[in-house]
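A.B. asks: Can you look at this prediction? I've put the sequence above it.
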There are 2 protein chains.
Amino acid sequence: VAHVKTRIRDIGEFGLIGRIEALSRRAFRSRGLSSVALGIGDDAALLRLRAGEQVVVTTDALVEGVHFDFAQETARVAGRRALVANLSDLAAMGARPLGFVVAMAAPAELELSRALGIARGLLDVAVQFDCPLVGGNLARASEVSVAITALGAVRAGRALLRSSARAGDRVFVTGTLGGAALERARGRVVRAAIPRVAAGLALARMRGVGACIDLSDGLAADLMHVCRASGVRARLDVGAVPTPPRFAAACERVRREPLALALAGGEDYELLCTARGRAANAASLSQRLGVRVTEIGRIEAGRAAVLGLPAALGAGGFRHY
Amino acid sequence: VAHVKTRIRDIGEFGLIGRIEALSRRAFRSRGLSSVALGIGDDAALLRLRAGEQVVVTTDALVEGVHFDFAQETARVAGRRALVANLSDLAAMGARPLGFVVAMAAPAELELSRALGIARGLLDVAVQFDCPLVGGNLARASEVSVAITALGAVRAGRALLRSSARAGDRVFVTGTLGGAALERARGRVVRAAIPRVAAGLALARMRGVGACIDLSDGLAADLMHVCRASGVRARLDVGAVPTPPRFAAACERVRREPLALALAGGEDYELLCTARGRAANAASLSQRLGVRVTEIGRIEAGRAAVLGLPAALGAGGFRHY
């Protein structure tokens, strides 16, 4: 008996939308989400803020063949990665997630299991971080793409900005760096990282925290963004940059320079922040943020630059063109 | 001297982003937009609401070869249409626009003039409706697509919903219907319609207004959405449906049935609403909304259905697959 795969064209646009809505309802069934006044199904969704909050909005997209490849990874992992990238941006602002919308494009011939797999991956992360799917759009295209806009809320004046670093601040990162780049170097699929939502919320509540950014392009490139936005320079202690267990040995096996992966790898989705005064302490930050925090450098007055990088390391970061 | 066209790959991702940011700054230079607390350039944008408001969020995408074609229309017109579709959704909720983000995908070989043309088209509409570009994403893809998420604000409890029609309501539409479908039937580019933002805001402030929806899929299909959401049926007076001047004669020249274009054409981006009591008056609605309003039917108790349609007319509406 031949096994015939169901494709999007077999159930049509509204069929697929209905299936994704059903997955979303099931995923959020037992949760009363106070942020959603009106979800999927009208011309737009309605989200509630608390008094004194501002809206945080960020958008990011994954394109088949550029950011993911069905031959290498499951659709579900691709879906997870898509939402993680957006939630990481919310985390970097110190925002609590409110909800997200997704504009998905796909060929009519795409296997339904892949389209639903992406949706399941999105919802895996959505449920974990209380960030419901509140709307979407589905369009025909020659390759699959998933453009997500995530919304969050932050108390007015408390958002974490790239531009708040000051000379004298210490530089900290959560977690470890280079793991995603190592997986790519091994030819493996990068499992979705964990967006540091709780850590971002904790940072936004603390005094003495300066700038914050999430590490999506790679430490060197992202720290340079902070320097440019803040009009300062950073002196990095590359020896202090935290890497995963047994990282050096694993890098050696694939003949990659550990420092290059840790400094320019990207997609780690850890947070980098600067802090001053009593906040500038890795041990107390680790406790407050609920994740290992490591001091990796300091901020100095001067033209925007990252000092202390190995000479061989380019500015790095993922480029689309 | 050969004229060499500049392509995206010649200036790169950050070059193009910088050019679009510069266009946006220039477009909004003289306007102090109170909604934007933080615009392009950080991990996310920050938008302000007024006390007692909720966030309205909608997303829509245009894909090259499906929704637009560079051979038939300029990039700028495509850009305008992309934002109009989203602002029309905000209008249908009775929301005031706060800002929008755009996830654009394009081949590296795309002529820069086209990429910037799309951005100019978006900004044409953005400036007209005080809806600034507050963020975006740029990705490589084999065809051009523009996925927009627009944000608006509405007083809590005052949003216009598809689900608020009641038996006894009268049905009204703004403007005229069928014009966009006629242009397509003539093989012409559909110039961007005008999203009825001011009319939606006026409706949200009025008593006696029921359901509201924007006419993007076509009157028959969109009115059916209202019936389903509200659990009612609609009786349409097709003879009352307003069409553009000299519509019948123009339809005859391209051998199309005027009623079919007016009822199932789509992309008119007019508003359909229901109203009751003193609000249910076309003349006073026209005055309050600042646009011609026509009564075209009534809402009755019963299973979701649109009665009064010509038998030959299918449910219609644009389908992606």
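C.D. replies: It's in.
A.B. asks: Count the neighbours of the residue nearest to residue A:68 when sequence neighbours are not counted for me.
C.D. replies: Spatial nearest neighbour of residue A:68, chain neighbours left out: residue A:78 (4.1 Å); criterion: Cβ to Cβ, 6 or more residues apart in numbering or on different chains. The C-beta positions use only the backbone N, C-alpha and C, and glycine is treated the same way. Close neighbours of residue A:78, defined as other Cβ atoms under 10 Å in any protein chain shown, add up to 25.
A.B. asks: Now do the helices in chain A.
C.D. replies: Secondary structure of chain A by DSSP state H: the helices cover A:8-27, A:75-92, A:112-128, A:179-185, A:197-205, A:219-230, A:247-253, A:258-264, A:282-289.
A.B. asks: and those, which is most packed in?
C.D. replies: Of those, the one with the most neighbours on average (mean count of other Cβ atoms under 10 Å in any protein chain shown) is helix A:75-92, at a mean of 27.
A.B. asks: Return the distance of whichever residue of the stretch 151-300 of chain A sits closest to chain B relative to residue A:232.
C.D. replies: Residue nearest to chain B within the stretch 151-300 of chain A: residue A:162 (5.1 Å; Cβ to the nearest Cβ). With the distance defined as Cβ to Cβ, to the nearest Å, residue A:162 ends up 11 Å from residue A:232.
A.B. asks: Identify the contacts common to the two.
C.D. replies: residue A:226 (Cβ atoms under 8 Å, 6 or more residues apart in numbering or on different chains).
A.B. asks: In contact with residue A:297, which residues?
C.D. replies: By Cβ under 8 Å, 6+ apart, the contact list for residue A:297 reads A:170-171, A:223, A:234-237, A:240, A:308.
A.B. asks: which of those residues lies closest to residue A:117?
C.D. replies: Relative to residue A:117, the closest of the contacts of residue A:297 is residue A:223; by Cβ to Cβ it sits at 35.1 Å.
A.B. asks: Verify the contact between that closest one and residue A:271 for me.
C.D. replies: No: Residue A:223 is beyond contact range of residue A:271, at 12.0 Å (criterion: Cβ atoms under 8 Å).
A.B. asks: which residues are common contacts for the two?
C.D. replies: Taking Cβ under 8 Å, 6+ apart as the contact rule, residue A:223 and residue A:271 both touch residue A:213.
A.B. asks: Residue A:274 contacts residue A:299, correct?
C.D. replies: Yes: counting by Cβ under 8 Å, residue A:274 does reach residue A:299; the two are 5.6 Å apart.
A.B. asks: Burial check on the closest residue to residue A:277 other than its chain neighbours, number of neighbours?
C.D. replies: For residue A:277, the nearest residue in space outside its immediate sequence neighbours is residue A:208; the separation is 4.3 Å by Cβ to Cβ, 6+ apart. By other Cβ under 10 Å, 14 other residues sit near residue A:208.
A.B. asks: And for residue A:294?
C.D. replies: Counted with other Cβ under 10 Å, residues neighbouring residue A:294 total 19.
A.B. asks: Any idea what it is bridged to?
C.D. replies: Residue A:294 forms beta bridges with residue A:173, as assigned by DSSP bridges.
A.B. asks: for it, what are its contacts?
C.D. replies: A:172-173, A:240-242, A:282.
A.B. asks: at 6 Å what do you get?
C.D. replies: The neighbours of residue A:294, taking Cβ atoms under 6 Å, 6 or more residues apart in numbering or on different chains as the test, are A:173, A:242, A:282.
A.B. asks: What of residue A:161?
C.D. replies: residue B:42.
A.B. asks: Which residues does stretch A:257-270 contact?
C.D. replies: With contacts defined as Cβ under 6 Å, 6+ apart, stretch A:257-270 is touched by A:88, A:173-175, A:177-178, A:180-182, A:190, A:193, A:195, A:214-215, A:217-220, A:241, A:243, A:247-248, A:251, A:310, A:313, A:316, A:318.
A.B. asks: Flag every residue of the stretch 101-250 of chain A that's near chain B.
C.D. replies: With Cβ under 6 Å from any Cβ of the partner chain as the criterion, the stretch 101-250 of chain A meets chain B at residues A:101, A:103, A:105, A:108, A:135, A:137, A:139-143, A:145, A:147, A:149, A:159, A:161-162.
A.B. asks: Give me the buried subset of those residues.
C.D. replies: Buried members of these, scored by 16 or more other Cβ atoms under 10 Å in any protein chain shown, are A:101, A:103, A:105, A:135, A:137, A:139-143, A:145, A:147, A:149, A:159, A:161-162.
A.B. asks: neighbours of the closest residue to residue A:34 other than its chain neighbours, just the number please.
C.D. replies: Once flanking residues are discounted, residue A:34 sits nearest to residue A:48: 6.6 Å by Cβ to Cβ, 6+ apart. Residue A:48 has 17 neighbouring residues, counting by other Cβ under 10 Å.
A.B. asks: Looking at residue A:274 and residue A:299 now, which is surrounded by more residues?
C.D. replies: Remark: of residue A:274 and residue A:299, residue A:274 carries more neighbours, 28 against 25, as counted by other Cβ under 10 Å.
A.B. asks: The more buried one: what's it in contact with?
C.D. replies: Each residue near residue A:274 by Cβ under 6 Å, 6+ apart is listed here: A:165, A:169, A:171, A:210-211, A:299.
A.B. asks: now residue A:293
C.D. replies: Applying Cβ under 6 Å, 6+ apart to residue A:293 gives the contacts A:172, A:174, A:282, A:285-286.
A.B. asks: let's go with 8 Å and repeat that
C.D. replies: Contacts for residue A:293 (Cβ under 8 Å, 6+ apart) come out as A:172-174, A:282, A:285-286.
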